[in-house]
Structures are given as structure tokens and as C-alpha cells.
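Enquirer: test case, fold it:
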Amino acid sequence: MVVASLIKPTADQLIEVADLFDHYRRHYGEPAVPGQTLEWLQEQTDHGRLTVFTAHIGKDLIGLATAAALPASLRLSCYWQLRDLYVAPGARRRGAGRALLDAVHQAATAAGAVRLSVQTEPGNAAALELYRTSGFVPVEDLRVLTLSIHNGDT
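Expert: Next up, the predicted model:
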């Protein structure tokens, strides 16, 4: 049975999460940088910029999600954005993605967020289906624009 939950990561948990996060990064073509990944996650969680969720089967970490709370200026409130969701390839199709998404949704609701948003590539059919069947709807009247500041990042 998959169990997903919000964690306040201890040093040992963050090491385990960083390892899986590096697998996620490699999935998207980024190089493995274990020490740098751990340092980055530590900084993001220490400063409250990211909230971490994990999915386990027994004691095995099989998935992770991160979310960020952002100001909803017009509503004088906040909204949450699901930033990352990853399930290890050998553990897919067992409900971990949905369990992580549900845990993020519950935490956002408990925090008083006015909405939960996510973005993914148009060709990521599995993710799009998960989000659609979880109640997410496309936003048709917005365009996402980006301005590269460093190293050609987008």
C-alpha cells in the first residue's frame, strides 16, 4: 500500500529524497550532482521555499513531490503550485502519483490556499491524465513567458 505524506525532512530523510530527486532530474536530461542536489534541497526547505512530500511502500521511498506557496495578490491570499512530482519507474502504476497529489491538495487546503496549480509539458500524457482526472482544468487564456537570467535557463 502506498502512503504519501508531507514531511519536515530530517538530514537522513533529505539525503534519501535528494537521491530520488537526482533520478527525477536525470529523467529530464540534467546531470547527476548528488551533493549539489542535497545542498539545493536543504536550502529550499530551510528557507520555506519548498514543501516536500514523499510516497512510500513500506520503508521504500518510491516517489516525491514538492510544492511552493505563492502570493495570490488579487485575492489577498496565497495559492500553491505543485513544482515537482516523480515516481520511480519500477513503482509506477501503483497509485503513488495520485497519493502524492492528494497529499499536496490536502496540505494546500489546510493552509488556506485559494487554488493549486501545476504545469507540465504538453507531451506528458501520463501526468496530464493524472491532473485531469484529479480535477485540474487547463487555463486557456494565459500564456507563460520567461526571461532567461543565468546560463540560458528557462
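Enquirer: alpha carbons only for contacts and neighbour counts from here, please
Expert: Noted.
Enquirer: quick one: mean pLDDT for the lengthiest strand in the chain?
Expert: Across the chain, the strand with the greatest residue count (assigned by DSSP state E) is strand 60-72. Averaged across strand 60-72, the pLDDT comes to 96.
Enquirer: and it, which strands flank it?
Expert: strand 51-57 (antiparallel), strand 77-87 (antiparallel) (DSSP bridges).
Enquirer: okay, those strands, which one's buried deepest?
Expert: strand 51-57 (a mean of 22; mean count of other C-alpha atoms under 10 Å).
Enquirer: which residues does that strand contact?
Expert: With C-alpha atoms under 8 Å, 6 or more residues apart in numbering as the contact definition, strand 51-57 has outside contacts at 1-9, 17, 45, 61-68, 96, 99-100, 103-104.
Enquirer: ChimeraX command for the buried members of those?
Expert: Buried residues among the contacts of strand 51-57 (16 or more other C-alpha atoms under 10 Å), as a ChimeraX selection:
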select :2,3,4,5,6,9,17,45,61,62,63,64,65,66,67,68,96,99,100,103,104
